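>>> give me coordinates for this.
(chains A and B)
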Amino acid sequence: MNTSDSEEDSYNERSALVQCESPTIPSYNQDHDVSLPQQTDTKRRRPVSSGLDEPGPVERERASTPDGEEEELTLKYGAKHVIMLFIPVTLCMVVVVATIKSVSFYTEKSSQRLIYTPFEEDPNSVGQRLLNSFLNTIVMISVIVFMTIILVVLYKYRCYKVIHGWLILSSLMLLFWFSFMYLGEVFKTYNVAMDYPTLVMIIWNFGVVGMICIHWKGPLRLQQAYLIVISALMALIFIKYLPEWSAWVILGAISIYDLIAVLCPKGPLRMLVETAQERNEPIFPALIYSSAMVWMVGMADSSNPGSADGRRRNEGGARAQEEEESEDDAAHGRRRRYSAEEDLEEDRGVKLGLGDFIFYSVLVGKAAATGGDWNTTLACFVAILIGLCLTLLLLAIFKKALPALPISITFGLVFYFSTDNLVRPFMDSLAAHQYYI
Amino acid sequence: MNLERIPNEEKLSLCRRYYLGGFAFLPFLWLVNVLWFFREAFLKPTYTEQPQIKSYVKKSAVGLTVWVAVLTTWITIFQHFRAQWGEVGDYLSFTIPLGTA
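Okay, here's the model as predicted:
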């Protein structure tokens, strides 16, 4: 399978959880439902951790001191924001796991490999296999780093057209080619006869409406649904075409890269976020899943210096898979509208980068494909959600772009290997001896 | 995108564009148009642009119904007669079920 480089870029862009702080508005007082309209933009690339706020009443203190000091005693996110992220992440994982379990295509190993993982894993020698998987990881990560840097450079020099074109190409490929493959495999699995005219109509409609919703204007729910679907498609491609051990090592390496790229001062994703903040632009909305429509209060009137710090970015996507060039592009495509009204502060919701979705789903999907039974899959699922909770909590505390990948992937990996190797034999033994606990 | 937040002229323009776009063999776009603007067109108190939005939504619904009828007819015919058409049926098929004629 030919993979395109642009996808990797998109990944980098996508794996960030970004939080946008909104200036506090005096009219809001003790608004329990509305957390600070910080938008957490999760860019794939940027590690963004959205902090989770304590559930319960969120009190906001007016933060409009003229000297710019913000006294925010309240946490910006409540349980509502956690749920707003849980649902799409869960849906994405459910789609991936359901496909893995029913359509055998995605678990069959093919001789084709991505050009990003050139080293073949030889099943005969453990050492050789391990070495090759590390080499594959190095190749993949360097491609991702390269893509991210190109993206940041393009953004810095305002080559918006190039970025948009790239994103559009990426999403075109995802929405048309990958969904065509997916549909074909689903029809073969269920032994359904499908004719070309109907198929062309389905793919055409799906693809065009997807492009419209993601890159232009469309109903929020539909756009969220499309983003979930393309994340799931991408995750499936990764599950199929990454070699076994390489996939796990890559997951680990991506988390580390995410951490570095978002938190280090010279990290590409951090630079991206900061540049976007300086310019008061949204960060490539097409690469980010936003849980609510965000209306940014006009920045000119912002009296909160702190609001600019609040971006959290999730870099999940450092993986910008090359296959998914379009994803990156898609993420960059949309710009939010800025509203200059001060009176209405809408709940900005939380933003999570699409790369985060993809890699979470890759982890759970691989657990479903190779993990043996449902214990492992569920354990990984729970681990990722716990990690996401913690990330959101950190986001609420730190109020800046944070990587969404590291905590969740670490938990996921730990849970996967321990469940597979410790819990499963234990449960099998118990069942064999008919001993119920 | 939240429809509440955009002015009426833009809503009308959006509705019109979705309606016109649907002519490019995109009944799904018409479906989205109908569902998205249904509340705007029928359940909201009247405003200036509402009659036009209403007409676009109605026309989209009509177009959608026509497409659904056409597609249902074609799919029924194809599924029923595919085996009998022999070579033509195979030529038209994207996936052929295994284990049947």
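>>> which neighbouring elements make contact with the lengthiest helix in chain A?
If you go by DSSP state H, chain A has its longest helix at helix A:126-156. Packing partners of helix A:126-156 (3 or more Cβ pairs under 8 Å, 6 or more residues apart in numbering or on different chains; DSSP states H and E): helix A:5-14, helix A:160-172, helix A:244-263, helix A:268-278, helix A:325-333. No exception for glycine: its C-beta is placed from N, CA and C like everyone else's.
>>> apply 6 Å and report the result again.
Secondary-structure packing of helix A:126-156 (3 or more Cβ pairs under 6 Å, 6 or more residues apart in numbering or on different chains; DSSP states H and E): helix A:5-14, helix A:244-263, helix A:268-278.
>>> taking helix A:244-263 as reference, get the angle to it.
Per axes from the mean of the first three to the mean of the last three Cα atoms, to 10 degrees, the angle that helix A:126-156 makes with helix A:244-263 is 30 degrees.
>>> which one of the helices and strands packed on helix A:126-156 has the poorest average confidence?
The minimum mean pLDDT among the helices and strands packed on helix A:126-156 belongs to helix A:5-14 (a mean of 49).
>>> burial count for A:Leu131?
A:Leu131 has 14 neighbours, counted by other Cβ atoms under 10 Å in any protein chain shown.
>>> so who does A:Met84 touch?
Shown in contact with A:Met84 (Cβ atoms under 6 Å, 6 or more residues apart in numbering or on different chains): A:291, A:349-350.
>>> at 8 Å instead, please
By Cβ atoms under 8 Å, 6 or more residues apart in numbering or on different chains, A:Met84 lies in contact with A:291-292, A:349-350.
>>> from those, pick the one nearest chain B.
Nearest to chain B among these, counting by Cβ to the nearest Cβ, is A:Ala292 at 8.6 Å.
>>> ok, that closest one to A:Lys351 distance?
9 Å (Cβ to Cβ, to the nearest Å).
>>> neighbour count: these two, which is higher?
Neighbours of A:Ala292 and A:Lys351, each counted by other Cβ under 10 Å, are more numerous for A:Lys351; the result is 33 against 19.
>>> quickly list what that one is bridged to.
When bridges are called by DSSP bridges, A:Lys351 pairs up with A:Val18, A:Ser290.
>>> state the pLDDT value of it.
On the pLDDT scale, A:Lys351 is placed at 84.
>>> wait, isn't it in contact with A:Ala286?
No: the pair A:Lys351 / A:Ala286 is not scored as a contact, 11.9 Å apart, by Cβ atoms under 8 Å.
>>> give me the below-cutoff pLDDT ranges for chain A.
Filtered on pLDDT under 70, chain A yields the residue ranges A:1-77, A:285, A:293-348, A:372.
>>> which of the contacts of A:Met84 count as buried?
A:291-292, A:349-350 (16 or more other Cβ atoms under 10 Å in any protein chain shown).
>>> restrict those to contacts with chain B.
Among the buried ones among the contacts of A:Met84, no residue sits close to chain B (Cβ under 8 Å from any Cβ of the partner chain).
>>> including distance to B:Pro27, could those go into JSON lines?
Converted to JSON lines, the buried ones among the contacts of A:Met84 look like this (distance: Cβ to Cβ, whole Å):
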{"residue": "A:Ser291", "distance to B:Pro27": "29"}
{"residue": "A:Ala292", "distance to B:Pro27": "29"}
{"residue": "A:Gly349", "distance to B:Pro27": "31"}
{"residue": "A:Val350", "distance to B:Pro27": "34"}
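>>> and the two most separated of these?
Across the buried ones among the contacts of A:Met84, no pair lies farther apart than A:Ala292 and A:Val350, at 7.8 Å, counting by Cβ to Cβ.
>>> out of the helices and strands packed on helix A:126-156, which one sits most buried?
Neighbour counts (mean count of other Cβ atoms under 10 Å in any protein chain shown) averaged over each of the helices and strands packed on helix A:126-156 peak at helix A:5-14, with a mean of 38.
>>> could you say which helix or strand holds B:Tyr47?
Under DSSP states H and E, no helix or strand contains B:Tyr47.
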